[in-house]
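Asker: sequence and predicted structure are below.
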Amino acid sequence: MSTMTRRAVLAAGAATALAPACALAQTASPSDAYLYIIWPQDGQRVKGAFWCRFGLRNMGIARAGDKTENAGHHHLLIDASDALKPGDVIPSDRNHMHFGAGQSEARIELPPGKHTLQLVLGDAEHKVFNPPVVSKKITITVY
């Protein structure tokens, strides 16, 4: 094995050994952080598209990628049943809406029927804080 190949193999092994430690890195949140949905309220019936408004206390809002301490950005989970743990990267799909520009409200359009909504605050890298900053899960009916 050439010296160049041996170095490449050693470098790849070192990167692999460090990968789990990097994956476990978690951003700390204050224990008194409180995330909530301002509107709609739990059990409410809404007609068609609606504005969903987000509330946060004891932390700040920052854009995705901004590593300001005690700040993050909103993610709205719609009809999501998965339990996210500290350090998990929040998925980006139709059930996990990202608001990386620092938005605190969004116009949401859902098909008629019952739906669940829950907010999760993500850090600069869309990871769940430790401890997680999540709202109560609410149920609404769209008609």
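Answerer: Good, I have the coordinates.
Asker: low-confidence stretches in the protein?
Answerer: By pLDDT under 70, the weakly predicted segments of the chain are 1-25.
Asker: how does it look with 50?
Answerer: 1-23 (pLDDT under 50).
Asker: what are the ranges of the helices in it?
Answerer: Using DSSP state H, the helices of the chain run over residues 3-24.
Asker: which parts of it are strands?
Answerer: With DSSP state E as the criterion, the chain has strands at 34-39, 45-46, 50-57, 60-61, 71-78, 96-98, 105-108, 113-122, 138-142.
Asker: first-to-last residue distance for stretch 50-63?
Answerer: With CA to CA, to the nearest Å as the measure, stretch 50-63 spans 23 Å from end to end.
Asker: do stretch 87-105 as well
Answerer: 25 Å.
Asker: and for stretch 107-127?
Answerer: So stretch 107-127: terminal residues 24 Å apart, CA to CA.
Asker: show me what counts as buried in it.
Answerer: Across stretch 107-127, burial judged by 16 or more other CB atoms under 10 Å covers 108, 110, 115, 117-124, 126-127. Backbone N, C-alpha and C define where each C-beta goes, glycine included.
Asker: do the same with stretch 133-143
Answerer: When burial is assessed from 16+ other CB under 10 Å, stretch 133-143 yields the following buried residues: Val133, Val134, Ser135, Ile138, Ile140, Val142.
Asker: skipping adjacent residues, who's closest to the third one in space?
Answerer: Of all residues not flanking Ser135 in the chain, Leu119 sits nearest, at 4.0 Å (CB to CB, 6 or more residues apart in numbering).
Asker: so who does that neighbour touch?
Answerer: Leu35, Tyr36, Ile37, Phe54, His74, His75, Leu76, Leu77, Val134, Ser135 (CB atoms under 8 Å, 6 or more residues apart in numbering).
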